[in-house]
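[1] Okay, sequence plus prediction incoming.
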Amino acid sequence: MERMLSTEEAARRLGVKVPTLYAYVSRGLLESHPDPSRRGSLFDLDAIEALAVRSRGGRQTATRLATVTTGVTQLDQKLGPIYRGRAATDLARTHSFEEVAELLWQSEEEGDWSVPDIGPCPLTPTLDRMRWALVLCGATDPLRADLRGEAVARATRRAIAALTDVAGPRPSGEDPDATIATRLAARLTATATATATATATATATAEAAEVPSAAVNAALVLMADHELATSTVAVRVAASVRADPYDALLAGLATLAGPLHGGASQQAYELLVVAERDGVPRALNDALRERGRLPGFGHAVYKSGDARFDALLVLAEPLLGEERRALLHEVIALAAAHNVPPANCDLALAALSWGTGMPPDTGRTLFAVARLAGWAAHYMEELTEPPLRFRARAVYSA
């Protein structure tokens, strides 16, 4: 079966622009095929790889790490991430997070999303509680080494439910059949209510005592996967050495913990807090002085704007009070007036948590719970590849 690449993916693999790619076609170096699902063309992966080798004079210098073939997620400049052929921005409006997870896993069985019994959680920071929950999920699974697809899906459902459960205080009388989004929204809101000591936070919590699960569900769907993000590569590396699902997911969680990955939305949250306290111009200027960039703006992939930002902001914005909504737009407008790259999903996550009084690390919590779904899909896919294939080439320098 031929493996095909989109026009954008083929150009990226060759390291050329799209017009150059079509110049190769006109010169007979490549053959293009019509894409029946959308505008553009498709290119045979093997032909692209062969041309890449010829362009290097026959030297096989590329590592497999740079050419991972995946059917999980495609990144589109306008649509954002596309899961198994379906735009995440559309799924965020029409599907539950559980349904999207099953789509990513191509699962055919009815899933059990109930919370596993792993004992009382120690009172530690959120990310540590999540690591603890994931470790305990593995420790209490008697067949954690079962690497069949359905077993990996079951393990991931347990992990997602467990991480959701430790995200905040469990409300009394909670419906055991509630969705992951509903459970997570209730816990994050309960955390906000319990910790609302500052005036601004208390006010925001009063304005939005309950966070509609629709916004949280959309955030989970939009964050569920993003192709070969750094944490996803860590999971695939773990899968390549046949680590069990829990250890592989833990590798992803450890990588996501970095402030430049899963923690990026908290920096955007802090920008909004400072803007509310000191004024928008000063907050943005201070951020540029200290960081050299504005948190929540710009993206390495989406140069013209992150579609996930718009999709989430539509649901998050109504949860903000009038003053905070105006302040958010002032931040965006001032950034645009100075040609700062467009806002990304981290700012939308920050607006959701800041505007509703949820904890500052809410964005990372949502990110972690959501990304377990994508990691599991990549884990399953990596198991179909030869093991131990990730070996980077080193150049020794004394």
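    Cool, got the structure.
[2] When you work out contacts or count neighbours from here on, use the C-alpha atoms and nothing else.
    Fine.
[3] show me where pLDDT drops low in the stretch 151-300 of the chain?
    By pLDDT under 70, the low-scoring segments of the stretch 151-300 of the chain are 191-211.
[4] wait, I meant the stretch 1-150 of the chain
    1-2, 55-66.
[5] Quick one: the helices in it, in order.
    In order along the chain, the stretch 1-150 of the chain carries the following helices (DSSP state H, counting those that start in this stretch): 7-14, 18-26, 45-55, 88-94, 97-105, 126-139, 149-165.
[6] Could you do the stretch 151-300 of the chain as well?
    With DSSP H, counting those that start in this stretch as the criterion, the stretch 151-300 of the chain has helices at 180-195, 199-207, 213-223, 230-240, 245-256, 264-278, 280-291.
[7] Quick check, Leu91 in contact with Val100.
    Yes: counting by C-alpha atoms under 8 Å, Leu91 touches Val100, with 7.3 Å between them.
[8] what is in contact with these two at once?
    Shared contacts of Leu91 and Val100 (C-alpha atoms under 8 Å, 6 or more residues apart in numbering): Val221.
[9] who has more neighbours, those two?
    In this view Leu91 and Val100 are compared by other C-alpha atoms under 10 Å, and Val100 has more residues nearby, 24 against 18.
[10] For the more buried one, give me its contacts.
    Val100 makes contacts with 91, 221, as judged by C-alpha under 8 Å, 6+ apart.
[11] Can you give me the buried ones in stretch 15-27?
    18, 21-22 (16 or more other C-alpha atoms under 10 Å).
[12] Ignore what I typed, I meant stretch 67-82.
    Neighbour-count burial for stretch 67-82 [16+ other C-alpha under 10 Å]: 69, 72-76, 79-82.
[13] Which members of these define the maximum pairwise distance?
    By the measure C-alpha to C-alpha, Thr69 and Leu79 form the most distant pair in these, at 20.4 Å.
[14] on that earlier part again, so which of the buried residues of stretch 15-27 is the closest to Ala254?
    For the buried residues of stretch 15-27, the nearest to Ala254 is Val18 (36.2 Å; C-alpha to C-alpha).
[15] Test my guess that that closest one contacts Glu9.
    No: under the criterion of C-alpha under 8 Å, Val18 is not in contact with Glu9, lying 9.6 Å apart.
[16] can you list the residues that contact stretch 159-168?
    113-116, 121, 126, 129-130, 133-134, 137, 180, 183-184, 187-188, 190-191, 246, 365, 369-370, 372-373.
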